[in-house]
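Colleague: Could you look at this predicted model? Sequence included:
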Amino acid sequence: MDKIYLDNAATTPLAEEVIDAMVNVMKVNYGNPSSTHSLGQEAKILIENVRREVADYLNVSPSEIIFTSCGTESNNMIIKSCINHLGVERIITSPMEHKCVAETVLDMKKRKGVEVVYLRPDHKGDFNLNELEELLKASEKKTLVSLIHANNEIGNLLDIKKVAQICKENGALFHSDTVQSMAHMELDFSEIPLDFASCSAHKFHGPKGSGFAFVRKSSGLKGIITGGPQERALRAGTENVCGIVGLGKALELSLKNMTEYATHIKAIKNYTVERLSAEIEGVKFNGRSAEDDKSLYTVLSVLLPFKDPMIGLKLDMKGIAISQGSACSSGASKPSMVMMMILDEEEMQDSTPLRVSFSHLTTREEIDSLVTALKEIAASFKIENTNVSHR
């Protein structure tokens with residue numbers, strides 16, 4: 001059975017050009033980038049070329065790009081170093097963050113006694129930025145604000161430029177998890193005065209195990225992985241040359257085709273909203289995910305009008321790979337924190353969330369297959385409920 005893949009927010013398939021570039025590096029450029037001989041320096045040049053490419057995209061200095069294994073590592077490095085080296089005593093964050101941020105913040109609270117303050121979202125998943133400003137003015141403690149740019153479950157977009165300006169005006173550091181938005185939209189960090197951001201290549205058709213952290217050079221951040229001078233001494237260890245080259249090639253393709261890809265994906269997303277609304281009575285869409293101008297175009301969060309914790313497995317058996325939420329929370333026995341924040345008690349009891357996430361490879365035919373499968377599952381619930389009522 002050919003699989004229909006609708007879980008691109010978890011990971012994306014590798015582009016053929018990325019695979020070719022990585023294989024070539026593994027065959028030819030096997031030198032250690034720290035070696036002074038020609039083979040080592042050839043590998044080093046490949047890394048620095050990608051670093052410049054990333055820096056050009058974000059309009060920052062190449063020295064502010066630190067290659068890591070993924071967004072999780074980048075977020076850990078940034079948050080922990082802010083506590084350990086920059087004197088941060090308080091973190092303002094939200095219950096809507098990815099687990100790698102949420103659990104790192106709680107770890108710093110437990111181990112270092114850091115004060116943690118949460119911004120609470122409204123039922124649409126939006127934050128009151130006036131509340132953020134009030135919180136910053138209410139304390140003289142050195143503060144780190146950590147808020148996700150594009151939510152990985154409902155796609156809501158944060159106004160990171162406005163948040164960055166609020167933080168700067170109040171002497172706070174600002175970190176944003178930009179894993180879902182990086183390479184999917186224009187980002188200019190010379191115009192957005194945030195201090196830190198993160199990236200995972202596998203979210204835009206690059207390899208797993210390759211990412212980067214943006215670290216504003218004025219921040220003074222120090223590394224937490226020591227043992228060598230690599231990555232400006234912020235991340236010791238021999239660099240993953242083929243992974244970094246794969247990241248660079250994936251970024252190159254994404255930027256080259258961004259308008260074309262975005263136009264296609266937005267059309268597919270709108271088609272999905274139309275088909276689901278027409279075919280499944282009572283379906284809703286969580287957060288701002290069905291609103292073009294307020295959500296990331298690759299993510300649609302659906303609320304199905306029946307309770308089925310096995311929905312993901314049932315769709316998988318029909319050849320559709322999809323997720324109920326973040327891949328990092330898959331298999332959990334309780335709803336995600338994001339859903340708990342935005343859904344009321346009745347919706348939690350009687351509905352099922354489903355995350356549909358798209359790429360430029362997604363087709364209308366695949367969406368038609370998803371809608372047909374969901375209609376079949378919904379119909380089975382109606383039959384079961386009818387049989388129960390007749391007993």
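Modeller: Looks like it came in fine.
Colleague: I'd like the average pLDDT over stretch 179-194.
Modeller: Mean pLDDT, stretch 179-194: 98.
Colleague: ends of it, how far apart?
Modeller: 15 Å (Cα to Cα, to the nearest Å).
Colleague: Tell me how far stretch 12-25 lies from the chain's centre.
Modeller: 21 Å (Cα atoms, centre = their mean, to the nearest Å).
Colleague: which residues are contacting it?
Modeller: For stretch 12-25, the external contacting residues (Cβ atoms under 8 Å, 6 or more residues apart in numbering) are 5, 43, 46, 202-207, 241-243, 245-246, 248-250, 253, 359, 361. (C-beta placed from N, C-alpha, C; glycine too.)
Colleague: again, only this time at 7 Å
Modeller: 46, 202-207, 241-242, 245-246, 249-250, 253, 359 (Cβ atoms under 7 Å, 6 or more residues apart in numbering).
Colleague: Tell me the one among the residues you listed nearest to E133.
Modeller: Distances from E133 to the contacts of stretch 12-25, taken as Cβ to Cβ, are shortest for K203 (30.7 Å).
Colleague: I believe the closest one is in a helix; please confirm or correct that.
Modeller: Yes: under DSSP: H, G, I helix; E, B strand; the rest coil, K203 sits within a helix.
Colleague: With adjacent residues omitted, what lies nearest to it?
Modeller: For K203, ignoring the flanking residues on the chain, the nearest one in space by Cβ to Cβ, 6 or more residues apart in numbering is V179 at 5.8 Å.
Colleague: Surely that neighbour is in a helix?
Modeller: No: assigned with three-state DSSP, V179 falls outside any helix and is coil.
Colleague: Please tell me I have it right and it contacts A201.
Modeller: No: the pair V179 / A201 is not scored as a contact, 10.0 Å apart, by Cβ atoms under 7 Å.
Colleague: Settle it for me: which of these two has more neighbours?
Modeller: Neighbour tally, V179 and A201, criterion other Cβ atoms under 10 Å: the higher count belongs to A201, 33 against 28.
Colleague: For I83, state which of the contacts of stretch 12-25 is nearest.
Modeller: K203 (26.5 Å).
Colleague: For the chain, which segments count as strands?
Modeller: Ranges of strands within the chain are 4-5, 65-68, 90-93, 115-118, 143-146, 173-176, 196-200, 211-215, 284-285, 299-304, 320-321, 352-357, based on DSSP state E.
Colleague: Out of these, which gets nearest to I225?
Modeller: strand 65-68 (9.1 Å).
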